[in-house]
Every structure is written in structure tokens, then in C-alpha cells.
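*Asks:* A predicted structure for the sequence below; I have some questions about it.
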Amino acid sequence: MKILFIHQNFPGQFPHLALALAGRGHQVLALTDEKNQRPSPVTTLRYKTPDPVAVNGLGRSYAGHAERGYLAARGARALRDRHGFTPDVIIGHSGWGETLFLREIWPDAKLLAYAELLYRTRGHDVGFDPELQQDSDEARILAIARSAHLIQGIVQADAAIAPTRYQADSFPPELRAKITVIHDGIDTVRVCPDPQASLALPGGQALHAGDEVLSYVSRSLEPYRGFHIFLRALPDVLAARPQAQVVIVGAEGVSYGNAPKDGGTWKARMLAELGDRLDLSRIHFLGRVAYDDYLSLIQVARVHCYLTYPFVLSWSLTEAMAAGGYVVASDTEPVRELIRDGENGRLVPFFDVPALSAALIAGLAGDPDADRLRQAARQTITEGYDLHRHSLPRQIEWVESFAPMV
């Protein structure tokens, strides 16, 4: 087949799939934003980066995504007219609008979408955190407006894929029927327990597997990933465990939510709130790190904390579990799909700071069930989320099922 991937940050969720399809003899190309500098496993062409839209109000989100979709379609048209390329299958992420108009360029191609999440007005992230969010008519109306391009993207698609049931089920039944659940996959050969793991901190201190290390990882340090709850749990944890070291990975901006209303960052706001209750000599903010350093951290950690609103599930949770992590996580719906309390990890209510502190302290002190929980966490990933045994073969089979009839 001729297969085209389209993703503004390619390879995004598709590095293994694109390479595997090319290795099976398919002609695989990718189309991406001209500013994307990520290395690509296949031949990649670029479309013009959209300028910010001059639209305010409820239409801003759709206008911006539609503009990107238009520029992606122009790039696709050039690929068709100048290079004579007509794909049998197009695979694109529906989140940025890039797939919206591709049917007009290649009406006979099968269009497959990555359905990451549909914003919902109730039961998900909107209004979940009353301290920081308004559960108002305006917030729900905004969520509907932000969903327009996502709904259109799945309506246009022949079929879609989502990494978890929770994410697939965020779409209404009439669209959910198009969506197959296949996780992106974890390379459990690379991401595995390592009793010899170590991590060098910027100040020169070295941490080793077996040390009393508490890890927290998020793309950005923000409430959507429970950063405020985690920081509030630390004073009691540090007081109870005087040898504990806390390592925090994540940028200081926001990826999903909003910055504090009074400006600044959530890190600055939480440090100001907690003041001298935090022993900052034992809390190490690393910012964003190289993947190998991140992997060393989750292998070193005695306890890994993962918190999230009802939202997209992070790769860091599945990778921490694959590394045999002792995970203390929020008892929220996307997490419950992977973790069962007392079986392969510990769950605590998202907003219960004392319960989180107690669970982290118990894990750092040496939970007698720790080895069993660690082994079960890894088994969960190897038996259902392994890249080479499960996810990638299923993804390939799914894509090749759309091959044109000969």
C-alpha cells in the first residue's frame, strides 16, 4: 500500500508503526509542520506553519484548527499534483485539525484517525477541581466549542484508534463505534527493572536503585497532573522520612490547563504557598530531561507518584509500571483502567492530601507488599501493553485491514 501519516509533531504517536509498515514493504510518507525538528523514521514532507488566527470568542479553537487543516490540505495537494502521490491509507491525529479536509484531496483513500480524547462537559476534567476551575455554564459551553474539530475529524474518518478505553469512551456512542482501542505500546525490553540503575543529579549527588527516592513526572508541572496536590503532600512525607529524596521532572509551563490567574507558574505558586514547610535541599526539580535520564529515574525510584484529572493517560504511568515501579496514583477513571488498588499499585482519592502523604510514606518506609505490587505492575504492562507482543502487531493488522481490494 501507499500510506501517508500526517501529524504536526511527527512521529508523535506513530514512530514504531510508521517504521514497521515501511519494513513490511509499504510505501510510507509523512506530512508534518515545517517547524517540526523531530527525527523521522520515514521520508517526511512539510506544510506551512499556520499563523495565529485573528478570531476571538468561541470560534477561536475551530478557526485555528481549521486553518491548520487547510494548510495541511494544501501540502497534500502539492504532494498529489507535483509528485503524483495518491495514498491508499491516510493515518492522522485528529487533535490539530490536519485531517479535516484531506477527503477533498484524496476522496478514495481510507482515512484513519487517532482519537486521543473528546472534551466533555460533565464527568471528565471540566469542573473536576473546584479549587481552580469553575463548574459553570460558560466552562461547559467552551468545552463544546473546543470539541467541534474533534467530532468533525472522527465523522470524516473511516475508522479511528484510541490508546485506552477511557479515552475511546469519551466519544459519544455514534462515534465510539468507529474507534478501536489499541495502546501505543511500551517497549518492555528497554523499559524494565534495573537493580543497578543510578541517576546523577545536577549538584553531583548520585541516586541508586534501593535508595529512598520518590519520583514525580509530568510534561508540565500543573494541576491537570496533580502537581499542587503532590507538593502539598510533601511536608509530611519529608518530615516522616528524613532520608527521602524527591525528584521532580517536568517543565514549568502548562500543557493542558491554564497558568495561575495572577501570573507566574504553578511551581512558583506552590513554593510560595508552602514556604519553609518544604525542605528544598531534598527536592530536586530537573525540568525536562533526556529519555535515558527519565528512564533511570523511574528505575531508581522506591515510589513513583502519578496523579491526573480525568483526562488523557500519561505514558509515564505505563512506563513506570513496566519498570517495576511501586506506584501511588490517583483514584481517577483513566488510572483505574490500569491500576487495581492493592493488586498492582496503590490508589488514593485525588484531593485527599493526608491519604496521599500516608501512602507515599508507607511506600518509602518499605511496604511489605512492595515486591508483589512491583511484579504485578510490570506484568500488567507485559501482558496487555507490550509494544512488540501486543500493540504493534494489532496496529499493523488494523491498518492493513484497510488495504484496497485487488
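*Replies:* In hand now; what should we look at?
*Asks:* what residues does stretch 36-48 touch?
*Replies:* 5, 8-11, 15, 18-19, 22, 28-34, 71-72, 74-76, 79 (C-beta atoms under 8 Å, 6 or more residues apart in numbering). No exception for glycine: its C-beta is placed from N, CA and C like everyone else's.
*Asks:* scratch that, stretch 155-171
*Replies:* Contacts of stretch 155-171 (C-beta under 8 Å, 6+ apart): 13, 94, 99-100, 102-103, 110-120, 124, 154, 175-176, 178-184, 310, 312-313, 333-334, 337, 395, 398, 402.
*Asks:* Of those, which qualify as buried by neighbour count?
*Replies:* Restricting the contacts of stretch 155-171 to buried positions leaves 13, 94, 99-100, 102-103, 110-120, 124, 154, 175-176, 178-179, 181-184, 310, 312-313, 333-334, 395, 398, 402, with burial counted as 16 or more other C-beta atoms under 10 Å.
*Asks:* I'd like the list of those residues that fall within helices, please.
*Replies:* Judged by DSSP state H, these include 154, 175-176, 333-334, 395, 398 as members of helices.
*Asks:* May I have the residues that are in contact with the residue lying closest to residue 301 once chain neighbours are set aside?
*Replies:* Nearest residue to residue 301, sequence neighbours excluded (C-beta to C-beta, 6 or more residues apart in numbering): residue 215, at 3.8 Å. Shown in contact with residue 215 (C-beta under 8 Å, 6+ apart): 246-249, 297-298, 300-301, 303-305, 320.
*Asks:* And the residues you listed, which is closest to residue 143?
*Replies:* Within these, the smallest distance to residue 143 is 27.8 Å, found for residue 305 (C-beta to C-beta).
*Asks:* What is the burial count for the closest one?
*Replies:* Neighbour count of residue 305, defined by other C-beta atoms under 10 Å: 29.
*Asks:* helices or strands up against the worst-scoring helix or strand of the chain on mean pLDDT?
*Replies:* Least confident helix or strand, the chain: helix 137-146 with a mean of 92, by mean pLDDT, DSSP states H and E. Packing partners of helix 137-146 (3 or more C-beta pairs under 8 Å, 6 or more residues apart in numbering; DSSP states H and E): helix 60-83.
*Asks:* got the buried residues for the helix it packs on?
*Replies:* 60-73, 75-76, 79.
*Asks:* what kind of secondary structure is the residue nearest to residue 301 in?
*Replies:* Look at residue 215: counting by DSSP: H, G, I helix; E, B strand; the rest coil, its state is strand.
*Asks:* per-residue confidence for it?
*Replies:* If you check residue 215, the pLDDT there is 98.
*Asks:* Dig out what it forms beta bridges with.
*Replies:* residue 247, residue 304 (DSSP bridges).
*Asks:* Make residue 1 into 33 and carry on from there
*Replies:* Yep, numbering from 33; the last one is residue 247 now.
*Asks:* mind listing what the closest residue in space to residue 136 that isn't next to it in sequence touches?
*Replies:* For residue 136, ignoring the flanking residues on the chain, the nearest one in space by C-beta to C-beta, 6+ apart is residue 105 at 6.7 Å. Neighbour list for residue 105: 132-134, 136-137 [criterion: C-beta under 8 Å, 6+ apart].
*Asks:* how far away is residue 105 from residue 200?
*Replies:* Using C-beta to C-beta, to the nearest Å, one obtains 27 Å as the distance from residue 105 to residue 200.
*Asks:* Likewise for residue 74?
*Replies:* From residue 74 to residue 200 the distance is 27 Å (C-beta to C-beta).
*Asks:* Neighbour count: those two, which is higher?
*Replies:* residue 200 (22 against 19).
*Asks:* Can you pull the phi and psi angles for the nearest residue to the more buried one once chain neighbours are set aside?
*Replies:* Nearest non-adjacent residue to residue 200, counting by C-beta to C-beta, 6+ apart: residue 194, 3.8 Å away. Main-chain torsions, residue 194, degrees, to the nearest 10: phi -130, psi 150.
*Asks:* didn't residue 320 look like it was pressed against residue 284?
*Replies:* No: look at residue 320 against residue 284 with C-beta atoms under 8 Å: they stay out of range, at 9.7 Å.
*Asks:* shaky segments in the stretch 83-232 of the chain?
*Replies:* Counting by pLDDT under 70, the stretch 83-232 of the chain shows no low-confidence range.
*Asks:* Distance check, the residue nearest to the spatial centre of the chain against residue 176.
*Replies:* In the chain, the residue lying closest to the centroid (C-alpha atoms, centre = their mean) is residue 346, at 3.8 Å. Between residue 346 and residue 176 the computed distance is 25 Å (C-beta to C-beta).
*Asks:* again, but for residue 142
*Replies:* 29 Å.
*Asks:* Run the chain-centre distance for stretch 321-330.
*Replies:* Centroid separation for stretch 321-330 versus its chain: 16 Å, with C-alpha atoms, centre = their mean, to the nearest Å.
*Asks:* before we move on, the earlier item: when residue 320 and residue 284 are compared, which one has more neighbours?
*Replies:* residue 284 (16 against 12).
*Asks:* In this model residue 297 seems to touch residue 260, though I could be wrong.
*Replies:* No: between residue 260 and residue 297 there is no contact under C-beta under 8 Å: 11.6 Å.
*Asks:* still on that earlier bit, format the CA atom coordinates belonging to the least confident helix or strand of the chain as CSV.
*Replies:* Extracted in CSV, the C-alpha atoms of helix 169-178 (Å, rounded to 0.1, in the frame of the first residue of the first chain):
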residue,chain,number,x,y,z
ASP,A,169,-22.4,27.1,32.0
GLU,A,170,-19.6,29.1,30.4
ALA,A,171,-17.0,26.4,31.1
ARG,A,172,-19.2,23.7,29.6
ILE,A,173,-20.1,25.8,26.5
LEU,A,174,-16.3,26.4,25.9
ALA,A,175,-15.7,22.6,26.1
ILE,A,176,-18.3,22.0,23.5
ALA,A,177,-16.8,24.7,21.2
ARG,A,178,-13.4,23.2,21.6
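*Asks:* Just the residues contacting it, thanks.
*Replies:* With contacts defined as C-beta under 8 Å, 6+ apart, helix 169-178 is touched by 90-91, 93-94, 151-154, 158-159, 165.
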